[in-house]
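>>> predicted model and sequence follow; I will ask about them next.
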Amino acid sequence: MLKGTLASGKTTLVRAFVKAEGVDEEATSPTFSIMHLYGDHIWHYDIYNEGVGKFIESGLLENLEKKGYHFIEWADEKLAEILRAYGFDFITVAITPAGEKRVYRIVDER
């Protein structure tokens, strides 16, 4: 899960990860489409507009069973509880702007 304020760098982090994985696609914010898939193994979700309910209703929770990397922007404690209940291991990356740079804090959610 990626946490941070608006324009804190959540999509920028995903973009850098996609590039580091050698996927020749430009990562963009999935705010209005909810999900983007890069290559065949990097999923990027943004539930800011639709919320956790729409994420689950759309069947995207089942996507998390697919092997690969899953980045979820704007996830909240409700989604974290659901993930724990289904036995998913995950981390939260909290991103805090610090001038022109960013501070990344990783929280193991197991």
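Noted; the coordinates are in hand.
>>> so what does the residue sitting furthest away from the middle of the chain look like in phi/psi?
What lies farthest from the middle of the chain is Gly99; by Cα atoms, centre = their mean that is 23.1 Å. Dihedral angles phi and psi of Gly99 (degrees, to the nearest 10) take the values phi 70, psi -130.
>>> ok, Trp43 next?
phi -100, psi 140.
>>> please apply the same query to Glu62.
Torsion angles, degrees, to the nearest 10, at Glu62: phi -60, psi -30.
>>> number of residues surrounding it?
Using other Cβ atoms under 10 Å, Glu62 has 9 other residues around it. The C-beta positions use only the backbone N, C-alpha and C, and glycine is treated the same way.
>>> any idea how far it is from Trp74?
20 Å (Cβ to Cβ, to the nearest Å).
>>> kindly report the same for Gly4.
Per Cβ to Cβ, Gly4 is found 9 Å from Trp74.
>>> likewise for Ile82?
Distance, Ile82 to Trp74, using Cβ to Cβ: 15 Å.
>>> same question for the lengthiest helix in the chain, mean pLDDT?
Assignment by DSSP state H gives helix 10-20 as the longest helix of the chain. In this model, helix 10-20 has an average pLDDT of 96.
>>> strands of this protein, start to end?
Read by DSSP state E, the chain holds these strands, from start to end of the chain: 2-3, 35-38, 42-46, 69-73, 91-98, 101-108.
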